[in-house]
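Peer 1: quick one: sequence plus predicted model below, questions after.
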Amino acid sequence: MAAALKIEHFNLLDDGECDARIVAAKKLLGKRLCILGHHYQRNEVFKHADFTGDSLKLSQLASKTDAEFIVFCGVHFMAEVADILTDGQRSVILPDLAAGCSMADMANLVKVNKCWAELSEILDPDQMVTPVTYINSAADLKAFCGNHGGIVCTSSNARAVLEWSFARREKVLFFPDQHLGRNTAKNMGIGLDQMIVWDFNKPLGGNTPEAIRAARMILWKGFCSVHQMFQPAHIDNFRSRHPEGKVISHPENALQVCEKSDFVGSTEYILRTVRASQPGDHWLVGTELNLVNRLADEMKPKGVKVEFMSPTVCMCSTMFRTDPQHLAWTLDNLVAGKVVNQIRVPADIARPAKAALELMLEVVD
Ligand code: 13P
Ligand code: SF4
(Lines give C-alpha, C1' and ligand atoms only; values in the text may rest on other atoms or scores of the structure.)
(Ligands and ions follow the chains in the order given, each with its own letter.)
Protein backbone atom coordinates (compact mmCIF):
# COMPACT_ATOMS: atom_id res chain seq x y z
CA MET A 1 0.00 0.00 0.00
CA ALA A 2 1.26 3.49 -0.86
CA ALA A 3 2.70 5.59 1.99
CA ALA A 4 0.85 8.68 3.21
CA LEU A 5 1.72 11.94 1.47
CA LYS A 6 4.10 14.02 3.58
CA ILE A 7 3.20 17.39 5.12
CA GLU A 8 6.76 18.62 4.38
CA HIS A 9 5.93 18.67 0.66
CA PHE A 10 2.71 20.62 1.21
CA ASN A 11 4.48 23.16 3.41
CA LEU A 12 6.44 24.18 0.29
CA LEU A 13 3.26 24.97 -1.70
CA ASP A 14 1.82 28.47 -1.83
CA ASP A 15 -1.75 29.17 -0.71
CA GLY A 16 -3.04 29.35 -4.32
CA GLU A 17 -1.76 25.87 -5.12
CA CYS A 18 -3.25 24.52 -1.87
CA ASP A 19 -6.54 26.20 -2.66
CA ALA A 20 -6.75 24.45 -6.03
CA ARG A 21 -5.92 21.09 -4.41
CA ILE A 22 -8.56 21.57 -1.70
CA VAL A 23 -11.26 22.41 -4.26
CA ALA A 24 -10.31 19.41 -6.42
CA ALA A 25 -10.19 17.01 -3.46
CA LYS A 26 -13.56 18.22 -2.16
CA LYS A 27 -15.06 17.50 -5.58
CA LEU A 28 -13.62 13.98 -5.65
CA LEU A 29 -14.66 13.14 -2.08
CA GLY A 30 -18.17 14.59 -2.48
CA LYS A 31 -20.62 13.57 0.26
CA ARG A 32 -18.04 11.33 1.92
CA LEU A 33 -16.47 14.49 3.33
CA CYS A 34 -17.76 17.18 5.70
CA ILE A 35 -15.50 20.12 6.61
CA LEU A 36 -16.48 21.94 9.80
CA GLY A 37 -15.01 25.40 10.46
CA HIS A 38 -15.03 27.37 13.71
CA HIS A 39 -15.59 31.13 13.42
CA TYR A 40 -12.00 31.82 14.56
CA GLN A 41 -10.47 30.12 11.53
CA ARG A 42 -8.54 32.26 9.09
CA ASN A 43 -10.31 33.15 5.82
CA GLU A 44 -8.11 30.93 3.63
CA VAL A 45 -9.42 27.90 5.53
CA PHE A 46 -12.85 29.14 6.63
CA LYS A 47 -14.01 29.58 3.02
CA HIS A 48 -13.66 25.83 2.39
CA ALA A 49 -15.90 24.78 5.31
CA ASP A 50 -19.20 23.08 4.47
CA PHE A 51 -20.60 24.27 7.79
CA THR A 52 -19.42 26.98 10.17
CA GLY A 53 -20.44 27.72 13.73
CA ASP A 54 -19.66 28.14 17.40
CA SER A 55 -18.69 25.14 19.47
CA LEU A 56 -22.29 24.19 20.29
CA LYS A 57 -23.51 24.41 16.70
CA LEU A 58 -20.50 22.49 15.41
CA SER A 59 -20.96 19.68 17.93
CA GLN A 60 -24.63 19.40 16.97
CA LEU A 61 -23.70 19.34 13.27
CA ALA A 62 -21.00 16.74 13.89
CA SER A 63 -23.50 14.47 15.66
CA LYS A 64 -25.85 14.60 12.66
CA THR A 65 -23.63 14.28 9.60
CA ASP A 66 -23.60 11.06 7.56
CA ALA A 67 -20.22 11.89 6.04
CA GLU A 68 -17.51 9.26 6.38
CA PHE A 69 -14.81 11.88 7.06
CA ILE A 70 -15.26 14.90 9.34
CA VAL A 71 -12.36 17.31 8.87
CA PHE A 72 -12.47 19.66 11.84
CA CYS A 73 -10.98 23.09 11.21
CA GLY A 74 -10.99 24.10 14.83
CA VAL A 75 -9.06 22.89 17.87
CA HIS A 76 -8.40 19.51 19.45
CA PHE A 77 -11.25 19.40 21.98
CA MET A 78 -13.77 20.09 19.18
CA ALA A 79 -12.53 17.13 17.15
CA GLU A 80 -12.73 14.96 20.28
CA VAL A 81 -16.35 16.00 20.78
CA ALA A 82 -17.15 15.12 17.17
CA ASP A 83 -15.60 11.67 17.62
CA ILE A 84 -17.45 11.08 20.91
CA LEU A 85 -20.83 12.15 19.54
CA THR A 86 -20.46 9.97 16.45
CA ASP A 87 -19.50 6.88 18.54
CA GLY A 88 -16.27 6.48 16.62
CA GLN A 89 -18.33 5.66 13.50
CA ARG A 90 -16.73 8.45 11.45
CA SER A 91 -13.12 9.36 10.82
CA VAL A 92 -12.67 12.69 12.59
CA ILE A 93 -9.55 14.51 11.46
CA LEU A 94 -7.71 17.52 12.89
CA PRO A 95 -5.53 18.87 10.05
CA ASP A 96 -2.79 20.02 12.45
CA LEU A 97 -2.45 18.05 15.69
CA ALA A 98 -0.78 21.06 17.32
CA ALA A 99 -4.08 22.97 17.16
CA GLY A 100 -4.92 22.79 20.86
CA CYS A 101 -6.53 25.27 23.25
CA SER A 102 -4.35 26.84 25.93
CA MET A 103 -7.36 27.32 28.20
CA ALA A 104 -8.35 23.65 27.90
CA ASP A 105 -4.79 22.76 28.93
CA MET A 106 -5.19 24.70 32.20
CA ALA A 107 -7.20 21.83 33.69
CA ASN A 108 -6.23 18.18 33.62
CA LEU A 109 -7.56 15.00 35.19
CA VAL A 110 -4.81 14.74 37.81
CA LYS A 111 -5.53 18.24 39.12
CA VAL A 112 -9.32 17.88 38.96
CA ASN A 113 -9.13 14.52 40.80
CA LYS A 114 -6.92 16.18 43.42
CA CYS A 115 -9.44 19.02 43.79
CA TRP A 116 -12.29 16.49 44.21
CA ALA A 117 -10.31 14.58 46.83
CA GLU A 118 -9.55 17.79 48.74
CA LEU A 119 -13.22 18.80 48.60
CA SER A 120 -14.07 15.35 49.98
CA GLU A 121 -12.12 16.17 53.14
CA ILE A 122 -14.53 19.04 53.82
CA LEU A 123 -17.88 17.95 52.35
CA ASP A 124 -19.43 15.18 50.25
CA PRO A 125 -18.92 16.47 46.69
CA ASP A 126 -20.90 13.65 45.05
CA GLN A 127 -23.93 14.84 47.01
CA MET A 128 -23.24 18.57 47.14
CA VAL A 129 -21.21 19.64 44.07
CA THR A 130 -22.10 19.38 40.36
CA PRO A 131 -18.92 19.36 38.26
CA VAL A 132 -19.46 21.41 35.10
CA THR A 133 -16.84 21.44 32.40
CA TYR A 134 -16.74 24.02 29.64
CA ILE A 135 -16.61 22.19 26.31
CA ASN A 136 -13.10 23.69 25.97
CA SER A 137 -11.58 20.78 27.89
CA ALA A 138 -10.04 17.38 27.28
CA ALA A 139 -12.32 14.36 26.82
CA ASP A 140 -11.25 12.79 30.13
CA LEU A 141 -12.57 15.84 32.00
CA LYS A 142 -15.92 15.46 30.26
CA ALA A 143 -15.76 11.81 31.36
CA PHE A 144 -15.04 12.97 34.92
CA CYS A 145 -18.26 15.00 34.82
CA GLY A 146 -20.18 12.06 33.37
CA ASN A 147 -18.88 9.85 36.18
CA HIS A 148 -19.77 12.34 38.95
CA GLY A 149 -23.30 13.45 38.03
CA GLY A 150 -21.98 16.45 36.11
CA ILE A 151 -22.43 17.98 32.70
CA VAL A 152 -20.73 19.93 29.88
CA CYS A 153 -21.58 23.48 28.77
CA THR A 154 -20.64 25.82 25.95
CA SER A 155 -20.55 29.60 25.92
CA SER A 156 -24.06 29.68 24.48
CA ASN A 157 -25.80 27.44 27.01
CA ALA A 158 -23.85 28.01 30.24
CA ARG A 159 -26.82 29.60 32.03
CA ALA A 160 -29.25 26.77 31.24
CA VAL A 161 -26.59 24.26 32.30
CA LEU A 162 -25.92 26.06 35.60
CA GLU A 163 -29.66 26.22 36.32
CA TRP A 164 -29.85 22.47 35.70
CA SER A 165 -26.83 21.94 37.97
CA PHE A 166 -28.09 24.03 40.89
CA ALA A 167 -31.45 22.27 40.71
CA ARG A 168 -29.58 19.07 41.61
CA ARG A 169 -26.81 20.05 44.01
CA GLU A 170 -26.12 23.19 46.02
CA LYS A 171 -22.64 23.92 44.62
CA VAL A 172 -20.93 23.90 41.22
CA LEU A 173 -17.28 23.19 40.47
CA PHE A 174 -16.75 24.98 37.15
CA PHE A 175 -13.65 24.36 35.01
CA PRO A 176 -11.48 25.38 33.25
CA ASP A 177 -12.67 28.96 32.51
CA GLN A 178 -13.23 31.07 35.62
CA HIS A 179 -14.64 33.94 33.54
CA LEU A 180 -17.45 32.05 31.82
CA GLY A 181 -18.37 30.59 35.21
CA ARG A 182 -18.27 33.94 37.03
CA ASN A 183 -20.09 35.92 34.31
CA THR A 184 -22.87 33.35 34.04
CA ALA A 185 -23.36 32.91 37.78
CA LYS A 186 -23.35 36.68 38.36
CA ASN A 187 -26.09 37.07 35.73
CA MET A 188 -28.13 34.47 37.57
CA GLY A 189 -27.96 36.59 40.73
CA ILE A 190 -25.21 34.71 42.53
CA GLY A 191 -23.06 37.24 44.39
CA LEU A 192 -19.29 37.41 44.06
CA ASP A 193 -19.14 36.72 47.81
CA GLN A 194 -20.61 33.27 47.02
CA MET A 195 -17.84 32.45 44.55
CA ILE A 196 -14.31 31.27 45.24
CA VAL A 197 -11.41 30.71 42.86
CA TRP A 198 -9.69 27.32 42.93
CA ASP A 199 -5.97 27.83 42.41
CA PHE A 200 -4.97 24.30 41.36
CA ASN A 201 -1.38 24.85 42.49
CA LYS A 202 -2.31 25.47 46.14
CA PRO A 203 -3.66 23.19 48.87
CA LEU A 204 -7.48 23.48 49.01
CA GLY A 205 -7.17 25.68 45.95
CA GLY A 206 -5.90 28.47 48.21
CA ASN A 207 -9.15 28.54 50.22
CA THR A 208 -10.10 27.93 53.83
CA PRO A 209 -12.50 25.07 54.69
CA GLU A 210 -15.04 27.72 55.83
CA ALA A 211 -14.87 29.54 52.47
CA ILE A 212 -15.37 26.24 50.62
CA ARG A 213 -18.40 25.36 52.78
CA ALA A 214 -19.92 28.80 52.16
CA ALA A 215 -19.28 28.97 48.39
CA ARG A 216 -21.87 28.18 45.72
CA MET A 217 -19.53 28.53 42.73
CA ILE A 218 -16.02 27.09 42.80
CA LEU A 219 -14.23 28.61 39.82
CA TRP A 220 -11.17 26.89 38.38
CA LYS A 221 -8.34 29.40 37.87
CA GLY A 222 -8.23 29.05 34.08
CA PHE A 223 -8.65 31.69 31.40
CA CYS A 224 -8.36 32.31 27.68
CA SER A 225 -5.10 33.93 26.67
CA VAL A 226 -6.83 35.70 23.77
CA HIS A 227 -9.77 37.17 25.70
CA GLN A 228 -7.62 38.31 28.61
CA MET A 229 -6.20 40.94 26.23
CA PHE A 230 -9.48 42.88 26.25
CA GLN A 231 -9.68 45.50 29.00
CA PRO A 232 -12.42 47.77 30.42
CA ALA A 233 -10.28 50.77 29.37
CA HIS A 234 -10.72 49.73 25.71
CA ILE A 235 -14.48 50.06 26.13
CA ASP A 236 -14.17 53.42 27.95
CA ASN A 237 -12.00 54.70 25.13
CA PHE A 238 -14.50 53.55 22.46
CA ARG A 239 -17.46 55.07 24.31
CA SER A 240 -15.66 58.42 24.64
CA ARG A 241 -15.08 58.44 20.87
CA HIS A 242 -18.48 56.97 19.91
CA PRO A 243 -21.08 57.57 22.64
CA GLU A 244 -23.77 56.11 20.36
CA GLY A 245 -21.71 52.93 19.68
CA LYS A 246 -22.53 49.45 20.98
CA VAL A 247 -20.24 46.94 22.62
CA ILE A 248 -20.50 43.17 22.33
CA SER A 249 -18.22 40.64 24.06
CA HIS A 250 -17.64 36.93 24.41
CA PRO A 251 -18.28 35.55 27.94
CA GLU A 252 -14.66 34.36 28.18
CA ASN A 253 -13.85 38.01 28.89
CA ALA A 254 -13.32 39.22 32.45
CA LEU A 255 -16.38 40.30 34.45
CA GLN A 256 -15.33 43.98 34.25
CA VAL A 257 -15.34 43.77 30.43
CA CYS A 258 -18.68 41.92 30.25
CA GLU A 259 -20.31 44.33 32.69
CA LYS A 260 -19.30 47.29 30.52
CA SER A 261 -20.63 45.58 27.37
CA ASP A 262 -24.15 46.03 25.98
CA PHE A 263 -24.34 42.41 24.83
CA VAL A 264 -22.50 39.25 25.86
CA GLY A 265 -22.63 35.91 24.07
CA SER A 266 -21.00 33.15 22.06
CA THR A 267 -19.37 33.64 18.67
CA GLU A 268 -22.58 32.60 16.92
CA TYR A 269 -24.57 35.08 19.08
CA ILE A 270 -22.10 37.88 18.28
CA LEU A 271 -22.48 37.27 14.54
CA ARG A 272 -26.27 37.07 14.75
CA THR A 273 -26.55 40.27 16.80
CA VAL A 274 -24.21 42.39 14.70
CA ARG A 275 -25.74 41.11 11.44
CA ALA A 276 -29.16 42.30 12.66
CA SER A 277 -27.96 45.92 13.11
CA GLN A 278 -29.03 48.99 11.13
CA PRO A 279 -26.98 51.12 8.68
CA GLY A 280 -25.03 53.69 10.69
CA ASP A 281 -24.52 51.36 13.68
CA HIS A 282 -21.02 51.18 15.12
CA TRP A 283 -19.80 48.17 17.10
CA LEU A 284 -16.86 47.35 19.32
CA VAL A 285 -16.36 43.59 19.42
CA GLY A 286 -14.42 41.72 22.11
CA THR A 287 -13.53 38.41 20.59
CA GLU A 288 -10.96 36.81 18.30
CA LEU A 289 -9.47 38.85 15.46
CA ASN A 290 -10.27 36.60 12.48
CA LEU A 291 -13.97 36.62 13.32
CA VAL A 292 -14.01 40.38 13.86
CA ASN A 293 -12.12 41.19 10.65
CA ARG A 294 -14.43 38.97 8.60
CA LEU A 295 -17.51 40.50 10.23
CA ALA A 296 -16.17 44.03 9.62
CA ASP A 297 -15.70 43.23 5.90
CA GLU A 298 -19.18 41.71 5.69
CA MET A 299 -20.92 44.66 7.39
CA LYS A 300 -19.03 47.50 5.68
CA PRO A 301 -21.17 47.50 2.49
CA LYS A 302 -24.26 47.64 4.74
CA GLY A 303 -23.02 50.86 6.35
CA VAL A 304 -22.23 49.17 9.69
CA LYS A 305 -18.84 49.74 11.32
CA VAL A 306 -17.19 46.96 13.31
CA GLU A 307 -14.07 47.63 15.44
CA PHE A 308 -11.83 45.15 17.20
CA MET A 309 -11.69 45.76 20.97
CA SER A 310 -7.95 45.62 21.57
CA PRO A 311 -5.39 48.05 20.10
CA THR A 312 -2.93 45.13 19.87
CA VAL A 313 -3.27 42.26 17.42
CA CYS A 314 -4.48 39.27 19.39
CA MET A 315 -5.73 36.15 17.74
CA CYS A 316 -5.99 32.53 18.70
CA SER A 317 -2.62 31.19 17.61
CA THR A 318 -3.74 27.57 17.88
CA MET A 319 -6.82 28.13 15.71
CA PHE A 320 -4.41 29.80 13.28
CA ARG A 321 -2.34 26.63 13.01
CA THR A 322 -4.82 25.13 10.56
CA ASP A 323 -3.55 26.55 7.30
CA PRO A 324 -4.33 25.75 3.64
CA GLN A 325 -1.20 23.55 3.53
CA HIS A 326 -2.47 21.25 6.31
CA LEU A 327 -5.98 21.19 4.88
CA ALA A 328 -4.71 20.32 1.38
CA TRP A 329 -2.41 17.64 2.86
CA THR A 330 -5.31 16.12 4.82
CA LEU A 331 -7.68 16.04 1.84
CA ASP A 332 -5.13 14.77 -0.70
CA ASN A 333 -4.37 11.92 1.68
CA LEU A 334 -8.07 11.09 1.91
CA VAL A 335 -8.27 11.04 -1.88
CA ALA A 336 -5.29 8.64 -1.83
CA GLY A 337 -7.11 6.42 0.68
CA LYS A 338 -5.10 7.51 3.74
CA VAL A 339 -6.63 8.91 6.91
CA VAL A 340 -4.08 11.15 8.62
CA ASN A 341 -4.35 12.90 12.03
CA GLN A 342 -7.41 10.95 13.09
CA ILE A 343 -8.72 11.86 16.55
CA ARG A 344 -10.00 8.82 18.42
CA VAL A 345 -11.14 8.96 22.04
CA PRO A 346 -10.75 5.61 23.87
CA ALA A 347 -14.13 3.93 24.53
CA ASP A 348 -13.82 3.98 28.34
CA ILE A 349 -13.42 7.77 28.23
CA ALA A 350 -15.85 8.35 25.36
CA ARG A 351 -18.76 6.59 27.13
CA PRO A 352 -19.05 8.82 30.24
CA ALA A 353 -17.96 11.90 28.25
CA LYS A 354 -20.82 11.26 25.84
CA ALA A 355 -23.27 10.98 28.73
CA ALA A 356 -22.21 14.43 29.98
CA LEU A 357 -22.40 15.90 26.46
CA GLU A 358 -25.81 14.40 25.77
CA LEU A 359 -27.14 15.80 29.04
CA MET A 360 -26.02 19.23 27.79
CA LEU A 361 -27.74 18.72 24.44
CA GLU A 362 -30.96 17.70 26.26
CA VAL A 363 -30.79 20.77 28.51
CA VAL A 364 -30.51 23.15 25.55
CA ASP A 365 -33.14 21.47 23.37
P1 13P B 1 -17.77 29.59 21.03
O2 13P B 1 -18.51 28.57 21.82
O3 13P B 1 -18.41 30.93 21.15
O4 13P B 1 -17.54 29.15 19.67
O5 13P B 1 -16.36 29.81 21.72
C6 13P B 1 -15.35 28.84 21.63
C7 13P B 1 -14.07 29.40 21.98
O8 13P B 1 -13.08 28.71 22.05
C9 13P B 1 -14.01 30.82 22.29
O10 13P B 1 -12.76 31.15 22.66
FE1 SF4 C 1 -8.96 28.29 23.46
FE2 SF4 C 1 -9.02 30.95 23.79
FE3 SF4 C 1 -8.33 29.88 21.43
FE4 SF4 C 1 -10.87 29.76 22.29
S5 SF4 C 1 -9.71 31.60 21.75
S6 SF4 C 1 -9.67 28.09 21.36
S7 SF4 C 1 -10.54 29.48 24.50
S8 SF4 C 1 -7.19 29.68 23.40
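Peer 2: Sure thing, it's come through. Ligands and ions are numbered 1, 2, ... in the order given.

Peer 1: contacts, neighbours, all on C-alpha from now
Peer 2: Noted.

Peer 1: what sits against the nearest residue to residue 214 once chain neighbours are set aside?
Peer 2: Nearest non-adjacent residue to residue 214, counting by Cα to Cα, 6 or more residues apart in numbering: residue 194, 6.9 Å away. Residue 194 is in contact with 214-217, counting by Cα atoms under 8 Å, 6 or more residues apart in numbering.

Peer 1: between those residues, which is closest to residue 339?
Peer 2: residue 217 (42.8 Å; Cα to Cα).

Peer 1: how about the longest helix along the chain and ligand 1, touching?
Peer 2: Criterion DSSP state H: the longest helix present in the chain is helix 347-364. No. Counting by Cα under 6 Å from any ligand atom, ligand 1 is not contacted by helix 347-364; separation bottoms out at 13.4 Å.

Peer 1: so which elements touch that helix?
Peer 2: helix 76-85, helix 139-147, strand 151-153, helix 158-168 (3 or more Cα pairs under 8 Å, 6 or more residues apart in numbering; DSSP states H and E).

Peer 1: so which of the contacts of residue 194 is surrounded by the most neighbours?
Peer 2: Using other Cα atoms under 10 Å as the neighbour criterion, residue 217 leads the contacts of residue 194 with 29 neighbours.

Peer 1: from what I can see that one touches residue 175, true?
Peer 2: No. Using Cα atoms under 8 Å as the test, residue 217 is too far from residue 175 to be in contact (10.6 Å).

Peer 1: quick check: neighbours shared by these two?
Peer 2: Common neighbours of residue 217 and residue 175, using Cα under 8 Å, 6+ apart, are residue 181.

Peer 1: identify each buried residue in the worst-scoring helix or strand of the chain on mean pLDDT, please.
Peer 2: The weakest-scoring helix or strand in the chain, judged by mean pLDDT, DSSP states H and E, is helix 55-64 (a mean of 91). By 16 or more other Cα atoms under 10 Å, the buried positions in helix 55-64 come out as 55-59, 61-63.

Peer 1: partner strands of the helix or strand just after it and their direction?
Peer 2: Following helix 55-64 in sequence order, the next helix or strand is strand 69-73 (DSSP states H and E). When pairing is defined by DSSP bridges, strand 69-73 lines up against strand 33-38 (parallel), strand 91-93 (parallel).

Peer 1: show me what from this protein comes close to ligand 2.
Peer 2: Residues of the chain lying near ligand 2 by Cα under 6 Å from any ligand atom: 101-103, 224-226, 316.

Peer 1: just the ones of the contacts of residue 194 in strands?
Peer 2: If you go by DSSP state E, the contacts of residue 194 have residue 217 in strands.

Peer 1: and ligand 1, is the helix or strand hosting residue 272 touching that?
Peer 2: Using DSSP H and E, the element containing residue 272 is helix 267-275. Yes. Shown here: helix 267-275 in contact with ligand 1 (Cα under 6 Å from any ligand atom) through residue 267.

Peer 1: what secondary structure does the residue of the stretch 251-365 of the chain found nearest ligand 2 sit in?
Peer 2: Ligand 2 sits closest to residue 316 of the stretch 251-365 of the chain, with a gap of 4.5 Å, by Cα to the nearest ligand atom. Three-state assignment for residue 316 (DSSP: H, G, I helix; E, B strand; the rest coil): coil.

Peer 1: so what's the closest residue to it other than its chain neighbours up against?
Peer 2: The spatial neighbour of residue 316 that comes closest, neighbours along the chain excluded (Cα to Cα, 6+ apart), is residue 226 at 6.0 Å. Contact partners of residue 226, counting by Cα under 8 Å, 6+ apart, are 287-288, 314-316.

Peer 1: can I get those in CSV with pLDDT?
Peer 2: CSV is the format used below for the contacts of residue 226 (pLDDT from 0 to 100):
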residue, pLDDT
287, 98
288, 97
314, 82
315, 90
316, 96
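
Peer 1: most neighbours among the residues you listed, which one is it?
Peer 2: Using other Cα under 10 Å as the neighbour test, these are led by residue 287, with 29 neighbours.

Peer 1: how near is it to residue 62?
Peer 2: 24 Å (Cα to Cα, to the nearest Å).

Peer 1: likewise for residue 105?
Peer 2: To residue 62, residue 105 is 23 Å away according to Cα to Cα.
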